[in-house]
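whatever this is, show me its structure:
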Amino acid sequence: MALADMMLPTYRQMLGALSNWLEKAQTQLGQPEADALMAKRLAPDMFPLSTQVRFCCVQVMEGISRLNGKPFPAVVDTLLEEGRNAGETPGTLADAKAHISESLAWLDKQDANATSLEPGDPIEHSLPNGIVFDFTVEQYVRDWALPQFNFHLMTAYAIMRSSGVELGKVDYVSHLLPLVRPGTMPG
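Take a look at the predicted model:
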């Protein structure tokens with residue numbers, strides 16, 4: 001199995017879940033409160049919800065682009081800049097949902113077989129602060145790409161949950177419901 005085969009469906013299903021969580025927030029809180037939620041943080045030194053959503057989208061595009069040896073889409077720089085400045089201008093829930101929709105549309109155009117990289121091939125990952133990681137492709141996917149995406153995803157979940165949005169485990173694993181054996185779901 002190619003590593004991108006693991007990443008693409010994971011990114012699709014979890015971006016879909018994130019969009020559903022935002023929809024629940026809008027339904028449960030109402031529009032003004034849902035938009036105000038975009039500026040909420042778990043801690044003062046953490047980015048707000050709007051940044052967590054943007055960074056989920058960034059992680060998706062960076063991870064797949066890097067594996068396919070392609071430059072990042074131009075929107076990555078925009079999302080990063082908006083995310084870093086979201087404390088002052090968080091945007092709206094509609095903006096967040098649009099970013100997710102755009103990322104899902106971008107994912108739909110990606111080919112899991114586009115990479116010629118093997119799991120043991122070297123891959124470089126540079127951070128804006130100058131730190132450079134030398135990974136193998138397998139290490140990059142396992143230790144960076146998926147964990148970074150999940151960090152921002154779960155931080156978004158925690159912000160919404162701590163702000164009163166009624167979310168539970170089933171909201172996180174809703175993609176598994178079609179796999180439940182008939183007759184085994186508790187009443």
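
what's the helix or strand for residue 133?
According to DSSP states H and E, residue 133 maps onto strand 132-136.

list the buried residues in whichever helix or strand comes after that strand.
Moving toward the C-terminus from strand 132-136, the next helix or strand (DSSP H and E) is helix 137-139. Buried residues in helix 137-139, counted by 16 or more other Cβ atoms under 10 Å: 137, 139. C-beta coordinates here come from the backbone N, C-alpha and C atoms, glycine included.

what of stretch 86-105?
Going by neighbour count (16+ other Cβ under 10 Å), the buried part of stretch 86-105 is 86, 90-91, 93, 95-97, 99-100, 103-104.

now do stretch 74-81
75-76, 79-80.

want to throw those into JSON lines with secondary structure and pLDDT?
As requested, the buried residues of stretch 74-81 are exported to JSON lines (DSSP: H, G, I helix; E, B strand; the rest coil; pLDDT from 0 to 100):
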{"residue": "75", "secondary structure": "helix", "pLDDT": "96"}
{"residue": "76", "secondary structure": "helix", "pLDDT": "96"}
{"residue": "79", "secondary structure": "helix", "pLDDT": "96"}
{"residue": "80", "secondary structure": "helix", "pLDDT": "95"}
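
between the residues you listed, which is nearest residue 28?
Nearest to residue 28 among those is residue 79, at 26.2 Å by Cβ to Cβ.

is it true that that closest one touches residue 56?
No. Counting by Cβ atoms under 8 Å, residue 79 sits too far from residue 56 to count as a contact (9.5 Å).

picking that back up, output the buried residues of stretch 74-81 in JSON lines; the columns should cover distance to residue 40.
Shown next, in JSON lines, are the buried residues of stretch 74-81 (distance: Cβ to Cβ, whole Å):
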{"residue": "75", "distance to residue 40": "24"}
{"residue": "76", "distance to residue 40": "24"}
{"residue": "79", "distance to residue 40": "19"}
{"residue": "80", "distance to residue 40": "20"}
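
that older thread, for the strand holding residue 133, which positions count as buried?
Across strand 132-136, burial judged by 16+ other Cβ under 10 Å covers 135-136.

pLDDT wise, what is residue 127 at?
Note on residue 127: pLDDT of 88.

from residue 27, how far out is it?
From residue 127 over to residue 27 the distance is 37 Å, taken as Cβ to Cβ, to the nearest Å.

partners of the strand holding residue 133 in the sheet?
As defined by DSSP bridges, the strand partners of strand 132-136 come to strand 122-126 (antiparallel).
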